[in-house]
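K.L.:
please find the sequence and the predicted model below.
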Amino acid sequence: MKKSVIIEGQKSRSSIRNGRSFNRMDQKSQLQIKKIIQASKTSERLDLSERNILSLNSQIADLNETLKVLHLQKNRIQNLPSELGCLRLLELLVLNENNLTSLPDSLANLQKLKRLDLRHNKIEGNLPNVIYQMSSIVQLFLNFNKISQIQPGIANLNQLVNLDLSQNKLVGLPSEIGSLKCLSSLNLSNNHVTVLPPQISECTELSILDISHNQLKALPANIGKLKKLKKLSLKYNQLEIIPSSLSACTYIEEFNIENNLIEEIDQEVFNKLTKIRNLVLSRNKFTSLPNLSELSNLNTFAAEYNQITHLDDSLFSQNQKLSAMNLKSNLIGQLPPDLSIWSHLKEINLSSNKIEEIPESLGQLKNCEELKISNNKISELPKSIGESKKLKILELDENELTWLPADIGYCQKLQKLILTSNKISCLPTDIGSLKMLTHLYAGENQMFTIPPHIGMMSSLKELYINDNPDLQNLPWELSYCKTLQILSIEGCPLGEIPDEFLLGPSYVIHYLRLRANSVRNQNVDF
């Protein structure tokens, strides 16, 4: 048998054929591009995107008297011709999703260029120097490259409004960043930045600053000079302190410090930043919550995965616009006795805490649509749950419940009910009133019977009753649930069902239907 050997430095015949084939394809596309360029001599816009182009024809220079917009995105371009610099009227150049590693120096001639898009290329190390000479640029997108350093020449881009450097390998910024007096949006997320120069505070037009997913250990003490900030994302860094000067940034609407090392924030910050709509304090080291009563515009609040032990009795009572609260995975042992203070909330997540008792005032959650209190130590659910008329999702799994109040049947809009891993022996017959319920999870309990009223649940799609070791039988009325798609019965003995029907859920349903047919002439009285 012959062995094929490829000598180093030589190409195999197949690779040569593939190369020739690709060259023929590229030559064919170049001919098409020439025709397109010739046909576009009077047009201000040329779109050559998604054409599998390997290189751009030098005849592009023929469009120097008219072309203002050039789209070259989603090709395989590795190098740009110097003739591209002849397009002196060009205002928009879109080059994202190519294989560019450098740019021709001739691009410095594009002194009317407003937007340059170089996302998703292969630019490594220093940013190409020619970019610093394109002083007319207003929007510069460089995300998803491998840029590790920005040079002081960035100061020349004094018209910049939007600068995106996310998803690169930057470790810092030069002090000259402060020269960008028009800069409104700066995205540095997903880099390796350890320090921000204090001169960044001189970018006084900044309204959006995203420094998330970096390695920052501190912020400039003078960050409060950025008084036009509306969105500040500091999540996933190594910050321990938020400078008190931030209280001067009174226009902030979104403030995210998730996953840092912060234990507390100066109360003055929350007293002054009254326009905050979305506040995320999650995954830090808070042991208590600050006073948030001045945040009258607060819409969503998250502080999960902290070490909070206590909730003030009036927490969120003044935040009437608040719709979603997430305090999952803390050390909270007790809820405010009067839950009417949360009557405006639509989503409440208190899962994975140490709550033992739910106040009778639970029924005051008039607008609540999602209530998640899984993984606590709750042994009883108040009957007032039935007053939560708007409830759609109720998660009670991993508690110590032994029963469910019949008033649950009044939650007519309930769609998802999770009771997994409790000590419930039976479900109330009123559960059949939940006509909109699609998901019922009641596995890993101590149920010995399922009420026949379950057959009234016309919307039920998924029923999990697995691992109930005393459940011997299922009501034949379950076969009336025509929308049922998933029935989980693993770990249930079901001793009253004949062995030949215990081959899987579909066989069990078939058996229940046979039983239902045998009594089809009888009136079903629920």
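P.N.:
Perfect, I can see it now.
K.L.:
what is the least confident helix or strand in the protein?
P.N.:
helix 13-39 (a mean of 66; mean pLDDT, DSSP states H and E).
K.L.:
any idea which helix or strand comes after it?
P.N.:
Proceeding N to C from helix 13-39, the next assigned helix or strand is strand 45-47, under DSSP states H and E.
K.L.:
contacts for that following strand?
P.N.:
For strand 45-47, the surrounding residues in contact (CB atoms under 8 Å, 6 or more residues apart in numbering) are 36-37, 40, 63, 67-71. C-betas here are computed from N, CA, C, even on glycine.
K.L.:
equivalent analysis for stretch 488-501, please.
P.N.:
The contact list for stretch 488-501 (CB under 8 Å, 6+ apart) reads 443, 463-474, 502, 505, 507-508, 510-511.
K.L.:
just stretch 111-123 next, same as before
P.N.:
Contacts of stretch 111-123 (CB under 8 Å, 6+ apart): 73, 88-102, 131, 134-147, 164.
K.L.:
just the buried residues from the contacts of stretch 488-501, in ChimeraX please.
P.N.:
The ChimeraX selection below is limited to those of these classed as buried (16 or more other CB atoms under 10 Å):
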select :443,463,464,465,466,467,468,471,474,502,508,511
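K.L.:
so which of the contacts of stretch 488-501 are in strands?
P.N.:
Here DSSP state E is the test, and the contacts of stretch 488-501 give 463-464 as lying in strands.
K.L.:
which of the contacts of stretch 488-501 fall in helices?
P.N.:
505, 507-508, 510-511 (DSSP state H).
K.L.:
got JSON lines for those, with distance to residue 276 and pLDDT too?
P.N.:
Below are the ones in helices among the contacts of stretch 488-501 laid out as JSON lines (distance: CB to CB, whole Å; pLDDT from 0 to 100):
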{"residue": "505", "distance to residue 276": "49", "pLDDT": "90"}
{"residue": "507", "distance to residue 276": "56", "pLDDT": "91"}
{"residue": "508", "distance to residue 276": "53", "pLDDT": "92"}
{"residue": "510", "distance to residue 276": "57", "pLDDT": "91"}
{"residue": "511", "distance to residue 276": "58", "pLDDT": "92"}
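K.L.:
tell me which other helices or strands whatever helix or strand residue 163 lives in touches.
P.N.:
In the assignment (DSSP H and E), residue 163 maps to strand 162-164. Applying 3 or more CB pairs under 8 Å, 6 or more residues apart in numbering; DSSP states H and E, we find strand 162-164 packed against strand 139-141, strand 185-187.
K.L.:
so can I have a markdown table of those strands showing distance to residue 433 and mean pLDDT?
P.N.:
What follows is the helices and strands packed on strand 162-164, written out as a markdown table (distance: least, CB to CB, whole Å; pLDDT from 0 to 100):
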| stretch | distance to residue 433 | mean pLDDT |
| --- | --- | --- |
| strand 139-141 | 55 | 98 |
| strand 185-187 | 51 | 98 |
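K.L.:
now those strands in a markdown table, with distance to residue 266?
P.N.:
Converted to a markdown table, the helices and strands packed on strand 162-164 look like this (distance: least, CB to CB, whole Å):
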| stretch | distance to residue 266 |
| --- | --- |
| strand 139-141 | 35 |
| strand 185-187 | 24 |
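K.L.:
what's the closest of those strands to residue 336?
P.N.:
Proximity to residue 336 (CB to CB) singles out strand 185-187 among these, at 39.3 Å.
K.L.:
could I get the helices and strands packed on strand 162-164 as JSON lines with distance to residue 489 and mean neighbour count?
P.N.:
JSON lines is the format used below for those (distance: least, CB to CB, whole Å; neighbours: other CB atoms under 10 Å):
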{"stretch": "strand 139-141", "distance to residue 489": "54", "mean neighbour count": "20"}
{"stretch": "strand 185-187", "distance to residue 489": "51", "mean neighbour count": "21"}
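K.L.:
for residue 175, find the nearest of those.
P.N.:
Closest approach to residue 175 among those (CB to CB): strand 185-187, 14.7 Å.
K.L.:
given that closest one, what are its sheet partners and their directions?
P.N.:
strand 162-164 (parallel), strand 208-210 (parallel) (DSSP bridges).
K.L.:
now those strands in JSON lines, with mean neighbour count, distance to residue 79 and mean pLDDT?
P.N.:
Listed next are these as JSON lines, based on neighbours: other CB atoms under 10 Å; distance: least, CB to CB, whole Å; pLDDT from 0 to 100:
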{"stretch": "strand 162-164", "mean neighbour count": "21", "distance to residue 79": "23", "mean pLDDT": "98"}
{"stretch": "strand 208-210", "mean neighbour count": "21", "distance to residue 79": "32", "mean pLDDT": "98"}
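K.L.:
quick one: these as TSV, columns for distance to residue 239 too.
P.N.:
Compiled in TSV, the strands paired with strand 185-187 are given as follows (distance: least, CB to CB, whole Å):
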stretch	distance to residue 239
strand 162-164	22
strand 208-210	14
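K.L.:
nearest to residue 286, of the ones you listed?
P.N.:
For the strands paired with strand 185-187, proximity to residue 286 was assessed by CB to CB; strand 208-210 is nearest, at 22.5 Å.
K.L.:
what residues does that closest one touch?
P.N.:
For strand 208-210, contacts defined as CB under 8 Å, 6+ apart pick out 166, 184-189, 226, 229-233.
K.L.:
all helices of the protein, in order?
P.N.:
Under DSSP H, the chain gives helices at 13-39, 267-272, 505-518.
K.L.:
who are the packing partners of the last one?
P.N.:
Pointing back at helix 505-518 there. Packing contacts for helix 505-518, counted by 3+ CB pairs under 8 Å, 6+ apart, involve strand 486-488.
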